[in-house]
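Asker: please work out how this folds:
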Amino acid sequence: MKPHPAIVISGICIVFLCLLGEVALGQNFPVVKGKKVVASINGEPITLDELNQEVASLARETKPGGKIDKKAELDVLKRMINTRLIVQEARNIGLDKLPEVTMMVDSFSKETLREELAQKLMRAVKAGEKEVERIYKASTQEWRISAVLCEKEEDAKSMEAELRTGKDFGEVTKAFIAERRANKGEEGVYVRVKEVDPQLAKVAANMAVGSTSSIIQTKSGFVILKLEDIRYTENAEEKEKAKQVALTNAKRETVKAFDEALKKKYVKVNRNLLNSIDYGSQTPSFEALLKDTRVVAEIKGDQPVTVGEMTEQLKYQLYHGAQEAADKKKLNSRKDGVLEGMLHRKLFRREALRRGLEKTDSYRGKVREYETGVVFGMFINKVIVPEIKMKEDEVKAFYDEHLKEYAAPEMVKLRSLVFAKRGDAEIATERLRGGAEFQWVAAHAEGQVDQNAKGVLSFEDRLIMTDEIPEGVRKTIAGAKVGDIRLYASTEGHIYVLVILEVVPSKPQPYDQARSEIAQRLFQEKQKRAVEEYADKLRSLSDVKVYLKG
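Answerer: Next up, the predicted model:
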């Protein structure tokens with residue numbers, strides 16, 4: 001893979017002037033159009049802002065809220081330089097002019113411009129306090145409910161009739177349960193609304209405190225409820241969620257209202273024509289409708305939307321193809337939504353252009369970053385990938401060398417008793433080894449610690465991967481067989497009696513099952529090396545200036 005001749009520039013100049021990252025903010029940098037520059041690739045700058053954004057992004061991915069060291073910062077800058085070199089080469093050979101690239105970038109540009117307008121509209125939106133409180137109350141509301149279940153409808157009707165006479169719900173319930181005409185349900189228990197069966201919650205939501213419901217038919221039988229009380233719990237986490245939900249709703253409503261205002265001001269829809277279009281009809285055919293130039297929506301100061309354009313958009317959105325959906329008469333229900341979407345995109349784009357949002361650094365930066373990614377990916381697919389060859393013996397050799405990575409993990413099932421003193425644990429161990437039943441020992445052994453106490457390990461009598469078990473326990477049971485009993489002293493001062501119920505040894509995954517994953521992993525490694533090698537060649541023939549201190 002030889003670098004394209006167009007990028008050959010004599011010499012390479014690497015100048016070390018200042019530190020990378022946030023610590024470099026106080027250093028002296030070359031400045032281009034008001035931006036501090038940390039590197040230049042054939043005259044194209046990488047700004048300090050761009051570098052800091054990449055470094056911050058890496059820090060968040062590595063450890064939320066953390067920072068990365070200087071070596072990692074240097075690696076980030078190197079990767080950015082390599083990307084610029086590759087993208088410049090891709091442009092030199094015309095990959096940025098490919099139809100698929102220009103179409104993707106154009107689509108992204110339009111969508112991003114609309115998003116810029118939406119973000120601008122939403123910037124000043126705040127959540128209303130009343131709406132936050134409403135959402136918060138709904139999420140923390142608890143009902144105290146009493147319920148009774150009757151298997152037969154006639155019993156439920158009898159009970160309902162007695163309750164209507166004013167008799168006490170509890171007394172009537174007791175009588176019906178005693179006569180085996182009803183089963184006891186919940187009795188004065190507080191439950192969170194979202195935990196209640198939706199069918200019952202729908203009824204309870206419309207009940208007043210102290211009232212009794214009519215009969216509710218469920219899969220289990222016939223239920224009658226009494227709503228005894230409503231309370232609201234304090235929950236800081238739910239409060240914050242309520243604020244976010246209310247804010248999201250307010251932003252959505254702001255954009256929706258603006259969209260509707262634009263349509264009211266600029267759009268006139270021919271409803272008669274829209275309603276007359278029948279995609280389920282044989283005449284006119286779907287192909288004929290694709291060519292239909294009748295105007296279905298007029299837009300002041302802009303091109304109208306025709307039947308053909310709307311039909312094309314419908315066709316584009318269909319997953320199984322237009323003809324199949326047309327046969328099933330599913331298209332007619334989508335007409336309004338598709339037209340509304342087309343109008344929204346046209347009007348929001350036009351409004352964004354009117355406000356000059358296409359000239360903002362935010363918009364231009366997003367489009368530039370996206371285009372760089374698309375062109376870089378196209379270069380990888382067109383130039384790098386075709387040169388990568390995978391050999392079967394490479395895949396097999398990797399499998400043999402990394403067999404442990406492609407094996408089912410070792411698993412173990414344990415039972416445990418926990419003691420405060422070692423002597424009590426040893427007595428329990430002797431009894432178990434002497435043949436005593438585990439449940440008997442658990443019921444009679446003295447000095448046990450409550451297994452629900454803070455800091456006590458629980459093994460839940462289930463298969464657990466040994467890698468998930470604390471290191472001390474793992475060492476204690478290493479090499480154990482089914483039936484073995486081991487003692488483990490934890491750092492918290494608890495003494496565990498561990499009974500080994502089951503051991504499932506690690507088992508290698510067959511090669512034919514692991515092959516695909518290994519091949520993909522090796523391919524990605526080869527691709528990464530190939531990109532770095534190609535970038536190194538380009539760099540050696542390019543004018544690259546890196547500004548670092550010391």
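
Asker: switch to C-alpha atoms for all contacts and neighbour counts from now on
Answerer: Will do.

Asker: is Ile224 located within a strand, as I assumed?
Answerer: Yes - with DSSP: H, G, I helix; E, B strand; the rest coil as the criterion, Ile224 is part of a strand.

Asker: and Gln199, how many residues sit next to it?
Answerer: Residues near Gln199, counting by other C-alpha atoms under 10 Å, number 11.

Asker: now the closest residue to Glu532 other than its chain neighbours: which helix or strand?
Answerer: Nearest residue to Glu532 in three dimensions, chain neighbours excluded: Asn82, at 7.2 Å (C-alpha to C-alpha, 6 or more residues apart in numbering). If you go by DSSP states H and E, Asn82 is part of helix 70-92.

Asker: quick check: mean pLDDT of the helix or strand following that helix?
Answerer: For helix 70-92, the following helix or strand on the C-terminal side (DSSP H and E) is helix 99-122. Rounded to a whole number, the mean pLDDT of helix 99-122 is 96.

Asker: ok, the residue nearest to Glu532 - contacts?
Answerer: Asn82 makes contacts with Glu532, Ala535, Asp536, Arg539, as judged by C-alpha atoms under 8 Å, 6 or more residues apart in numbering.

Asker: look at the spatially most central residue of the chain and give its secondary structure.
Answerer: Ranked by distance to the mean C-alpha position of the chain (C-alpha atoms, centre = their mean), the top residue is Glu61 at 14.6 Å. Put simply, Glu61 is helix when judged by three-state DSSP.

Asker: now it: how far from Arg521?
Answerer: Noted for Glu61: a distance of 21 Å to Arg521, by C-alpha to C-alpha, to the nearest Å.

Asker: rewinding a little: same list (the contacts of Asn82) but as CSV, adding distance to Ser276, pLDDT and secondary structure.
Answerer: Putting the contacts of Asn82 into CSV (distance: C-alpha to C-alpha, whole Å; pLDDT from 0 to 100; DSSP: H, G, I helix; E, B strand; the rest coil) gives the following:
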residue, distance to Ser276, pLDDT, secondary structure
Glu532, 60, 95, helix
Ala535, 59, 96, helix
Asp536, 63, 95, helix
Arg539, 63, 95, helix
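
Asker: which one is Asn235 nearest to, not counting chain neighbours?
Answerer: Nearest non-adjacent residue to Asn235, counting by C-alpha to C-alpha, 6+ apart: Thr140, 7.4 Å away.

Asker: the one you found against Ile230, yeah?
Answerer: No - using C-alpha atoms under 8 Å, Thr140 is not in contact with Ile230; the gap is 10.4 Å.

Asker: for the stretch 201-350 of the chain, just list every one of the helices.
Answerer: 236-266, 271-276, 286-290, 307-317, 322-327, 335-354 (DSSP state H, counting those that start in this stretch).

Asker: next SSE downstream of the last one?
Answerer: Past helix 335-354, heading to the C-terminal end, the next element that is a helix or strand (DSSP H and E) is helix 361-379.

Asker: which parts of that following helix are buried?
Answerer: Within helix 361-379, the residues scored as buried using 16 or more other C-alpha atoms under 10 Å are Tyr363, Arg364, Val367, Tyr370, Glu371, Thr372, Val374, Val375, Phe376, Gly377, Met378, Phe379.

Asker: tilt between it and helix 70-92?
Answerer: Helix 361-379 runs at 70 degrees relative to helix 70-92, counting by axes from the mean of the first three to the mean of the last three C-alpha atoms, to 10 degrees.

Asker: now the angle from helix 361-379 to helix 99-122?
Answerer: Using the same axes, to 10 degrees: helix 361-379 against helix 99-122 is 160 degrees.

Asker: what is helix 361-379 packed up against?
Answerer: Applying 3 or more C-alpha pairs under 8 Å, 6 or more residues apart in numbering; DSSP states H and E, we find helix 361-379 packed against helix 70-92, helix 99-122.

Asker: by contact count, what packs against the last one?
Answerer: Contacts defined by 3+ C-alpha pairs under 8 Å, 6+ apart place helix 99-122 against helix 236-266, helix 335-354, helix 361-379.

Asker: just the element for Thr525, please.
Answerer: One correction, residue 525 is Glu, not Thr. In the assignment (DSSP H and E), Glu525 maps to helix 511-540.

Asker: same list (the helices and strands packed on helix 99-122) but as JSON lines, adding mean pLDDT and distance to Thr306.
Answerer: Below are the helices and strands packed on helix 99-122 laid out as JSON lines (pLDDT from 0 to 100; distance: least, C-alpha to C-alpha, whole Å):
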{"stretch": "helix 236-266", "mean pLDDT": "95", "distance to Thr306": "16"}
{"stretch": "helix 335-354", "mean pLDDT": "96", "distance to Thr306": "10"}
{"stretch": "helix 361-379", "mean pLDDT": "95", "distance to Thr306": "30"}
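
Asker: any idea which of these gets closest to Phe169?
Answerer: Each of the helices and strands packed on helix 99-122 has some distance to Phe169 by C-alpha to C-alpha; the shortest is helix 236-266, at 33.8 Å.

Asker: what packs against that closest one?
Answerer: Checked by 3+ C-alpha pairs under 8 Å, 6+ apart, helix 236-266 has helix 99-122, helix 129-140, helix 335-354 packed alongside it.

Asker: show residues contacting stretch 406-421.
Answerer: With C-alpha under 8 Å, 6+ apart as the criterion, stretch 406-421 contacts 399, 425, 442, 447-451, 456, 458-467, 493-509, 514.

Asker: make a PyMOL selection of the buried ones in these.
Answerer: Buried residues within the contacts of stretch 406-421, by 16+ other C-alpha under 10 Å, are selected in PyMOL with:
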select buried, resi 399+425+448+449+456+463+464+466+494+495+496+497+498+499+500+501+502+503+504+509+514
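
Asker: count of residues packed around Ala261?
Answerer: By other C-alpha under 10 Å, 12 other residues sit near Ala261.

Asker: please apply the same query to Lys251.
Answerer: Neighbour tally, Lys251, other C-alpha under 10 Å: 21.

Asker: in contact with Ile477, which residues?
Answerer: Shown in contact with Ile477 (C-alpha under 8 Å, 6+ apart): Arg486.

Asker: and what of Ile177?
Answerer: Listed by C-alpha under 8 Å, 6+ apart, the contact set of Ile177 reads Asn183, Lys184.

Asker: reformat the helices and strands packed on helix 361-379 as CSV; add distance to Val189.
Answerer: Converted to CSV, the helices and strands packed on helix 361-379 look like this (distance: least, C-alpha to C-alpha, whole Å):
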stretch, distance to Val189
helix 70-92, 56
helix 99-122, 43
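
Asker: okay, the ones you listed, which one's buried deepest?
Answerer: Ranked by mean neighbour count, these are led by helix 70-92 with a mean of 19 (mean count of other C-alpha atoms under 10 Å).

Asker: now, of the helices of the stretch 201-350 of the chain, which is deepest in the fold?
Answerer: helix 307-317 (a mean of 19).

Asker: how far off centre is that one?
Answerer: Taking C-alpha atoms, centre = their mean, to the nearest Å, one finds helix 307-317 lying 31 Å from the centre of the chain it belongs to.

Asker: for stretch 386-403, same thing?
Answerer: 33 Å.

Asker: hey, C-alpha coordinates of that stretch in CSV?
Answerer: This file holds the C-alpha atoms of stretch 386-403, laid out as CSV (Å, rounded to 0.1, in the frame of the first residue of the first chain):
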residue,chain,number,x,y,z
PRO,A,386,-9.0,-5.5,0.8
GLU,A,387,-5.3,-5.9,1.7
ILE,A,388,-5.9,-7.8,4.9
LYS,A,389,-5.7,-11.5,4.6
MET,A,390,-6.7,-14.0,7.2
LYS,A,391,-5.2,-17.5,7.3
GLU,A,392,-6.8,-20.5,9.0
ASP,A,393,-3.5,-21.5,10.8
GLU,A,394,-3.3,-18.0,12.3
VAL,A,395,-6.8,-18.4,13.8
LYS,A,396,-6.1,-21.9,15.1
ALA,A,397,-2.7,-20.8,16.6
PHE,A,398,-4.4,-18.0,18.4
TYR,A,399,-7.1,-20.4,19.8
ASP,A,400,-4.4,-22.8,21.1
GLU,A,401,-2.5,-19.9,22.7
HIS,A,402,-5.6,-18.4,24.4
LEU,A,403,-7.5,-21.5,25.3
